[in-house]
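J.: Predicted model, plus sequence, below.
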Amino acid sequence: MKKRSLAALTALLVVVALVAAAPGHRAAAADSGPGDTARSAESTLVGGVDLDTVTIPELQARMNRGSLSSLRLTRAYLRRIKAVDPKINAVLHTSPTALRQAAASDLRHRLGKTRGPLDGIPVLLKDNVNTRDMPTTAGSLALAGSPPDADADLVAKLRAAGAVILGKTNLSEWANFRAAKPTSGWSAVGGQTNNPYVLDRNPCGSSSGSAAALAASLAQVAIGTETDGSIVCPAGMNGVVGLKPSLGVVSQSGVVPISAEQDTAGPMARNVIDAALTLSALGGRDTLRAADAPGLTDAGLTDAAGRPGALRGKRIGLWRLPSLGAEVDALMTRTAERLTAAGAEVVEVSMPYQERLAELEFPALLSEFHRDIDAYLPTRGGPQDLAELIEFNRTHPREQTCFAGQELFEQALAAPPTTDPEYRAMRAELTDLSRRSIDEVMAAHGLDAIASPANPPAWTTDCARGDNDVIPSSTPAAVAGYPSLSVPAGLVGELPVGLLLMAGDRQDAELLSLGAAVEHRLDAWRAPRYLPSAPSGTAR
């Protein structure tokens with residue numbers, strides 16, 4: 001595929017999204033007048049748009065016309081955080097400079113000196129991404145002291161793109177890599193994040209706060225991180241879009257690590273176009289693997305706009321995963337029927353080598369976590385290595401209020417180093433089998449992507465039991481370093497389920513284009529209702 005420059009990609013995405021937002025598109029909303037600041041703080045209406053459905057290109061068009069300002073938009077999101085977040089507990093901090101950042105963006109808009117489509121757009125960051133002006137804790141009291149000395153590389157890119165860094169979101173503590181039976185969305189720093197659809201249900205993890213905040217329309221986009229499932233599962237379970245990019249497209253410098261072999265940050269949004277635009281700001285030539293940022297072909301951009309026939313001739317492999325339950329399987333059947341009716345060819349597939357991947361992944365991650373966390377901790381105050389971190393948890397009761405275990409830390413401390421030949425053989429086999437599991441299936445069936453359920457319906461949050469989350473769909477792309485994208489597929493009762501799409505290495509652009517067409521066809525997004533509990537009889 002011919003690569004495009006980042007500037008060309010951004011310009012084309014904006015044009016196409018504006019076409020998609022023409023009258024009749026779901027994002028159209030009733031105007032609200034200058035007095036809308038007097039509306040309920042829980043209202044999603046601001047400056048003539050509905051925050052639930054508006055896209056970044058629509059916001060930019062209004063800001064360029066002067067009918068909406070970044071300052072007004074940022075204030076609206078801050079009001080919603082104050083009013084709505086107590087229900088879901090997704091936002092840890094708001095930036096003390098958010099309004100100043102927005103005012104600076106408004107000045108650039110007036111002078112015609114905007115920096116791209118993210119200029120003036122409020123963004124929330126998962127709290128394992130370093131920020132120089134706010135705490136970065138990974139949910140742990142061990143890092144709750146002074147902020148890092150510098151922003152993570154991806155934050156510097158967002159600031160350079162003019163984005164408004166709105167605040168930090170809660171997460172599963174240490175990105176769910178501490179205890180054998182953790183509870184997703186809980187951290188000692190932030191407590192428990194709730195699923196906005198049904199508040200006693202879990203948001204999945206570890207990018208729990210980022211996904212829940214987006215579902216509740218507390219920011220326009222958010223940043224999550226993933227080692228295996230931590231973007232795509234919470235995206236699916238909270239009814240939003242989440243992209244795990246190809247490994248190396250987004251720099252991991254300044255992000256609290258688990259494994260350099262699998263970790264990546266990625267964009268989360270309420271629609272695919274916003275995720276694509278955010279990736280265009282996050283990617284670039286100075287990523288961990290030198291490469292151009294993903295670009296979209298003209299055909300892909302037209303597809304992203306929902307052109308009739310966008311799915312015609314696309315071949316999608318359906319990996320069903322009936323272990324996620326009969327209701328999810330029935331939803332996958334309905335999804336396949338809708339895609340087929342739109343002209344796609346859906347063929348059922350199985351994924352080879354999955355049992356072996358499951359055997360090897362965890363032992364490899366233990367060695368990699370020990371190496372990488374020992375490199376990160378000396379850049380911060382507090383414990384300086386994994387052994388000191390384990391001791392910190394033993395002596396701080398607040399770290400044990402939901403679950404006391406730190407079995408993964410202890411196993412990582414005892415794991416062989418990454419210089420060990422046995423470890424090297426494990427990682428080499430993992431890389432080989434995970435890539436073959438996708439490449440061979442796509443080649444054998446002539447596929448554009450492989451689809452599977454991203455998540456089961458959200459389980460009830462229970463600290464004593466821990467998570468109920470055997471979700472194998474994220475593993476092939478996560479271990480291979482290939483891109484995966486979760487888009488809303490529908491609801492099981494009141495609970496969202498995502499459709500996970502995965503493709504080959506560096507096919508991020510093609511995957512986003514296909515994901516936009518799938519999103520448009522399924523039209524499955526529904527606003528959360530913040531129910532205290534699910535109707536009786538709902539599973540899990």
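T.: Structure received. Keep in mind it's a predicted model, so treat the numbers as computed, not measured.

J.: Where does the prediction get shaky in the stretch 1-150 of the chain?
T.: Scanning the stretch 1-150 of the chain for pLDDT under 70 picks out 1-40.

J.: Do a quick rundown of the strands in it.
T.: Using DSSP state E, counting those that start in this stretch, the strands assigned to the stretch 1-150 of the chain run over residues 45-46, 49-50, 91-94, 122-126.

J.: for the stretch 201-350 of the chain, same thing?
T.: For the stretch 201-350 of the chain, strands defined by DSSP E, counting those that start in this stretch occupy the ranges 221-226, 241-244, 264-269, 315-318, 345-348.

J.: which one of those is the most hemmed in?
T.: Mean neighbour count (mean count of other C-beta atoms under 10 Å) peaks for strand 241-244 among the strands of the stretch 201-350 of the chain, with a mean of 33. The way it works is simple: take the backbone N, C-alpha and C, and place the C-beta from them, glycine included.

J.: Tell me which other helices or strands it touches.
T.: Strand 241-244 is packed against helix 232-237, strand 264-269, helix 272-282, strand 484-492, helix 508-522, with contacts defined by 3 or more C-beta pairs under 8 Å, 6 or more residues apart in numbering; DSSP states H and E.

J.: where's the first one relative to the chain centroid, distance-wise?
T.: Meaning helix 232-237. For helix 232-237, the separation from the chain centroid amounts to 8 Å (computed by C-alpha atoms, centre = their mean, to the nearest Å).

J.: Then stretch 107-123?
T.: The answer for stretch 107-123 is 23 Å, by C-alpha atoms, centre = their mean.

J.: Would you mind measuring the gap between the ends of it?
T.: End-to-end distance for stretch 107-123: 19 Å, by C-alpha to C-alpha, to the nearest Å.

J.: buried set for that stretch?
T.: Arg108, His109, Thr114, Arg115, Gly116, Pro117, Leu118, Asp119, Gly120, Ile121, Pro122, Val123 (16 or more other C-beta atoms under 10 Å).

J.: How about stretch 269-286?
T.: By 16+ other C-beta under 10 Å, the buried positions in stretch 269-286 come out as 269-284.

J.: who wins for proximity to Ala454 among the helices and strands packed on strand 241-244?
T.: When the helices and strands packed on strand 241-244 are compared by C-beta to C-beta, helix 232-237 sits nearest Ala454, at 3.2 Å.

J.: quick one: which helix or strand includes the nearest residue to Tyr482 once chain neighbours are set aside?
T.: In this structure, Tyr482 finds its nearest non-sequential neighbour in Asp505, 5.4 Å apart by C-beta to C-beta, 6 or more residues apart in numbering. Following DSSP states H and E, one finds Asp505 outside all helices and strands.

J.: All the strands of the stretch 351-500 of the chain, residue numbers only.
T.: 449-453, 484-492, 495-502.

J.: Export those strands to a markdown table and append columns for mean neighbour count and mean pLDDT.
T.: Compiled in a markdown table, the strands of the stretch 351-500 of the chain are given as follows (neighbours: other C-beta atoms under 10 Å; pLDDT from 0 to 100):
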| stretch | mean neighbour count | mean pLDDT |
| --- | --- | --- |
| strand 449-453 | 26 | 98 |
| strand 484-492 | 27 | 98 |
| strand 495-502 | 28 | 98 |
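
J.: Turn the ones you listed into CSV, including distance to Gly515.
T.: CSV is the format used below for those (distance: least, C-beta to C-beta, whole Å):
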stretch, distance to Gly515
strand 449-453, 8
strand 484-492, 5
strand 495-502, 6
